[in-house]
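Asks: I would like to see how this sequence folds:
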Amino acid sequence: MKSPAAGISAIGKRESEREYLTLEELRALVKEECRFEVLKRAFLFSCLTGLRWSDVQKLKWSEVQNTVEGWRITFHQQKTGGLQYLDIPEQAKEYLGAQGGPDQLVFEGLSYSSYHNLALHCWTMNAGIKKHITFHSARHTFAVLQLTLGTEIFTLSKLLGHCELKTTQIYAKIVDEKKREAVNRIPSISI
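Replies: You can find the predicted model right below:
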């Protein structure tokens, strides 16, 4: 008996558009007031580290360490369960706020709610940003900024905690500036 699905190919997965902030837009957000200070700190922290919402929300002070090399977060990714070691820049550390007890959440009071989503939308609109920005856009912002500033894709993949490089390669399509630079590298062939 022949399968009725034989010869039918699967529908390809369509890539979704990834909204991200430019460096200028990110700077505008820093200057703008947000209704929930914890949301502002968490979002900007995610823009500077690439951490997912789920990892930012559950981050505890016991996972933040000051090492000889600088600040580092050691945590298990919520999505994959994998152990991650993520060095964070000093400016990201500033968004953590005042240190609490080891079992205390770093971003105490941060929750996924319609109030926080609306506050994020209002905050970005007040900063003059007309894009549809979600909390996950912070992760996209980190990835695009890193590629734009010259971070190679393998390193970015590790920073984002991706298991496969092809997941990270999606961001390379966004970075048109690097593509323009590449096509203009060939010296003039006119004599």
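Asks: What strand or helix carries Thr124?
Replies: If you go by DSSP states H and E, Thr124 is part of helix 114-126.
Asks: Could you give the number of residues near the nearest residue to Leu145 once chain neighbours are set aside?
Replies: In this structure, Leu145 finds its nearest non-sequential neighbour in Leu23, 6.4 Å apart by CB to CB, 6 or more residues apart in numbering. (Glycine included, C-beta is placed from N, CA and C.) By other CB atoms under 10 Å, the residues close to Leu23 number 12.
Asks: Helix or strand: which one has the residue nearest to the spatial centre of the chain?
Replies: Centrality entry for the chain: nearest residue to the mean C-alpha point is Arg139, 1.2 Å, by CA atoms, centre = their mean. Using DSSP H and E, the element containing Arg139 is helix 136-148.
Asks: Any buried residues in that helix, and which?
Replies: Neighbour-count burial for helix 136-148 flags Ser137, Ala138, Arg139, His140, Thr141, Phe142, Ala143, Val144, Leu145, Gln146, Leu147, Thr148 (criterion: 16 or more other CB atoms under 10 Å).
Asks: Centre of the chain to it, how far?
Replies: With CA atoms, centre = their mean, to the nearest Å as the basis, helix 136-148 stands 5 Å off its chain's centre.
Asks: Does anything pack onto that helix? Which helices or strands?
Replies: Counting by 3 or more CB pairs under 8 Å, 6 or more residues apart in numbering; DSSP states H and E, the packing neighbours recorded for helix 136-148 are helix 23-31, helix 37-49, helix 153-160, helix 165-172, helix 176-183.
Asks: let's see it at 6 Å
Replies: Here helix 136-148 touches helix 37-49, helix 165-172, going by 3 or more CB pairs under 6 Å, 6 or more residues apart in numbering; DSSP states H and E.
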